[in-house]
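Colleague: sequence below, structure please.
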Amino acid sequence: MMLTFEIIVGCVVAAVSVAVSLLASGHVVLYKRDSRAAIAWTGLIWLAPFLGTFLYVLLGINRIERRARLLRTDRSSAGGLAASMGEPTGLPPETSSNLAQLARLIERVTNRELTCGNSIEPLSGGDQAYPAMLAAIQSAQRTIGLSTYIFDADDVGLEFAATLAEATKRGVEVRVLIDAVGARYAFSSIVTTLEALGVPVKTFNPPLLPGRFRYANLRNHRKILTVDGEVAFTGGMNIRGCCYSSNNGEVTVEDLHFRLSGPIVKQAQETFTDDWQFAANEELSGDGWYRELSATGSCAARGIVEGPDLRLDRLRLTLLGACHCAERSLRIVTPYFLPDATLISALNVAALRGVSVEILIPENSNEKLVQWACDAQLWQLVDRGCEVRKTSPPFDHSKLVIVDDEWVLMGSSNWDPRSLRLNFEFNIECYSRELSSRMNQIFELKKANSKLVTKEQLEGRSLPVRLRNGVARLAAPFL
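Modeller: Residues are numbered from 1 along each chain as shown. Purely as a prediction, here's the structure:
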């Protein structure tokens with residue numbers, strides 16, 4: 001009798017396992033666009049019954065997509081191709097025809113026009129960026145919007161918190177949005193501090209897993225600061241002391257940030273207010289948040305909003321367009337380099353066409369799994385003529401693309417699956433030979449502190465190292 005009961009229970013468990021796995025794998029097949037991710041999730045679901053399904057439900061399903069689309073139906077960020085195929089307006093008259101084609105492509109992909117008359121000032125590291133950001137907060141008269149991925153409760157973070165609190169006390173409308181995972185990077189949460197100081201703060205999309213988990217999906221990776229709707233800061237820099245030097249310490253993380261003025265500020269402001277509405281269910285509007293913006297410079301620029309709530313791979317298509325439109329040079333700086341097969345092919349084709357393709361990545365990454373997976377792919381690029389270099393410490397967190405000394409892409413995105421498909425990102429494309437010249441100078445400084453990766457070095461690695469890197473590469477869609 002007991003044996004019969006055990007058989008029945010076993011059959012029921014097996015039937016439930018098959019049913020659950022069928023439902024989960026069916027969802028994967030229907031909704032996972034990346035075939036590699038679909039194969040990986042399907043294999044996990046069937047090879048690890050119940051556990052695989054649990055992990056997929058926890059980490060693999062985009063729960064935020066429908067809600068985000070509903071909140072943003074009145075914005076251009078809702079996705080879709082632009083209907084117009086007209087010539088892009090606002091480009092500097094000296095813009096090359098190949099880059100005019102790129103501008104047309106990105107206009108269709110983003111459904112957003114170029115803005116002209118902008119001033120964009122690069123800020124290298126926290127030593128330049130943080131004082132400029134704090135000064136802007138101190139000068140605010142009406143509104144401050146701050147969105148960041150990481151906001152540590154260290155000396156730098158506490159200074160920002162105190163400055164934001166002072167602005168709140170003098171009547172400035174302050175809103176601070178921190179990603180829920182990024183808010184947990186430090187042992188002491190800055191959210192508690194900001195709340196105690198009376199600063200309105202929200203966290204973006206709290207994950208199901210408690211505690212700190214870097215690989216949680218659907219993170220708000222954007223870094224945006226807007227002041228009075230007239231000036232904005234954006235780039236790749238978080239708020240944390242490792243980016244800032246002092247009399248007793250050294251910078252352990254290099255980074256790039258940018259100060260914006262002119263009409264492009266409105267696009268940064270729209271991105272922040274959309275995110276705030278999503279997280280806090282509060283609409284920010286009025287003259288304090290949106291102002292009439294006049295020209296302050298000669299740079300043509302456009303914001304590229306990327307996220308899993310969109311119907312198009314905007315950033316990926318932008319990068320593919322940049323690779324295909326480049327005629328002379330393509331320079332890339334990124335801390336995490338895990339391009340998919342299509343992007344690798346685009347880089348290789350550019351190099352084979354005679355374009356000088358230069359890629360700078362850190363020698364020592366703060367994410368070892370990402371570094372190992374990256375190293376496993378480098379031979380595909382080096383073998384086709386791309387020049388890959390690794391920058392010596394400190395760790396370089398900068399994100400930058402320069403094409404033909406005329407086009408610059410900067411912002412929060414990395415060249416990895418997380419930025420290209422899973423994170424909410426904000427980048428800006430710029431058409432300006434002057435800005436490109438300044439960014440080339442920064443690139444050259446980084447290049448001078450780098451070492452060339454050769455085919456011989458890659459082939460000379462030991463078998464255990466190659467196996468380790470190859471195994472890490474299998475996890476690339478999840479890194």
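Colleague: so what's Glu121 up against?
Modeller: For Glu121, the contact set (C-beta atoms under 8 Å, 6 or more residues apart in numbering) comprises Phe258, Arg259, Leu260. (C-beta placed from N, C-alpha, C; glycine too.)
Colleague: what helix or strand is it on?
Modeller: strand 115-124 (DSSP states H and E).
Colleague: list the strands paired with that strand, with their directions.
Modeller: strand 256-261 (antiparallel), strand 299-306 (antiparallel) (DSSP bridges).
Colleague: need those in TSV (columns: mean pLDDT).
Modeller: Output for the strands paired with strand 115-124, formatted as TSV (pLDDT from 0 to 100):
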stretch	mean pLDDT
strand 256-261	98
strand 299-306	96
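Colleague: looking at the ones you listed, which is buried most?
Modeller: Of all these, strand 299-306 carries the top mean neighbour count, a mean of 25, counting by mean count of other C-beta atoms under 10 Å.
Colleague: which SSE is immediately downstream of that one?
Modeller: Using DSSP H and E, the next helix or strand after strand 299-306 towards the C-terminus is helix 314-325.
Colleague: and that following helix, what does it pack onto?
Modeller: Counting contacts by 3 or more C-beta pairs under 8 Å, 6 or more residues apart in numbering; DSSP states H and E, helix 314-325 is packed against helix 97-110, strand 299-306, helix 341-352, strand 400-403, strand 407-411, strand 425-431.
Colleague: tell me the angle the fifth one makes with strand 256-261.
Modeller: Translated: strand 407-411. Orientation of strand 407-411 against strand 256-261 (axes from the mean of the first three to the mean of the last three C-alpha atoms, to 10 degrees) gives an angle of 100 degrees.
Colleague: and what of the first one?
Modeller: If you take the same axes, to 10 degrees, helix 97-110 sits at 80 degrees to strand 256-261.
Colleague: buried residues in helix 97-110?
Modeller: Asn98, Leu99, Leu102, Ala103, Arg104, Leu105, Ile106, Glu107, Arg108, Val109, Thr110 (16 or more other C-beta atoms under 10 Å).
Colleague: can you pull the pLDDT of the last one?
Modeller: The one in question is Thr110. Note on Thr110: pLDDT of 93.
Colleague: ok, the fifth one next?
Modeller: Turning to Arg104, the model gives it a pLDDT of 95.
Colleague: can you pull the contacts of the residue lying closest to it once chain neighbours are set aside?
Modeller: For Arg104, ignoring the flanking residues on the chain, the nearest one in space by C-beta to C-beta, 6 or more residues apart in numbering is Pro88 at 5.2 Å. Pro88 makes contact with Ala100, Ala103, Arg104, Glu107, Glu113, Leu114 under the criterion C-beta under 8 Å, 6+ apart.
Colleague: and of those, the nearest to Ile61?
Modeller: Among these, Glu107 lies closest to Ile61 (C-beta to C-beta), at 32.3 Å.
Colleague: thought that closest one was touching Leu114?
Modeller: Yes. If you go by C-beta atoms under 8 Å, Glu107 and Leu114 touch, sitting 7.1 Å apart.
Colleague: joint contacts of those two?
Modeller: Residues touching both Glu107 and Leu114 by C-beta under 8 Å, 6+ apart: Pro88, Arg302.
Colleague: secondary structure class for Val18?
Modeller: Secondary structure, DSSP: H, G, I helix; E, B strand; the rest coil: Val18 is helix.
Colleague: so how far is Ile45 from it?
Modeller: Distance, Val18 to Ile45, by C-beta to C-beta, to the nearest Å: 11 Å.
Colleague: who's more crowded, these two?
Modeller: Remark: of Val18 and Ile45, Ile45 carries more neighbours, 25 against 12, as counted by other C-beta atoms under 10 Å.
Colleague: now do the contacts for that one.
Modeller: Per C-beta under 8 Å, 6+ apart, neighbours of Ile45: Ser21, Ala24, Ser25, Val28, Gly52, Thr53, Tyr56.
Colleague: wait, a helix at it?
Modeller: Yes. Counting by three-state DSSP, Ile45 is found in a helix.
Colleague: quick check: nearest residue in space to it, chain neighbours excluded?
Modeller: Closest residue to Ile45 apart from its sequence neighbours, by C-beta to C-beta, 6+ apart: Gly52 at 4.0 Å.
Colleague: right, and the one you found touches Ser21 too?
Modeller: Yes. Using C-beta under 8 Å, Gly52 and Ser21 qualify as a contacting pair, with a distance of 7.5 Å.
Colleague: so what sits against both of the two?
Modeller: Ile45, Trp46.
Colleague: contact partners of stretch 158-168?
Modeller: With contact meaning C-beta under 8 Å, 6+ apart, stretch 158-168 is reached by 130, 133-134, 137-138, 140, 144, 146, 151, 153, 174, 176, 190, 193-194, 197-200, 239.
Colleague: one more pass at 10 Å, please.
Modeller: Applying C-beta atoms under 10 Å, 6 or more residues apart in numbering, the set of residues contacting stretch 158-168 from outside is 130, 133-141, 143-144, 146, 148, 151-153, 172-176, 188, 190-191, 193-194, 196-201, 225, 227, 239, 241, 244.
Colleague: which parts of the stretch 351-479 of the chain are strands?
Modeller: 356-362, 387-391, 395-396, 400-403, 407-411, 425-431, 450-452 (DSSP state E, counting those that start in this stretch).
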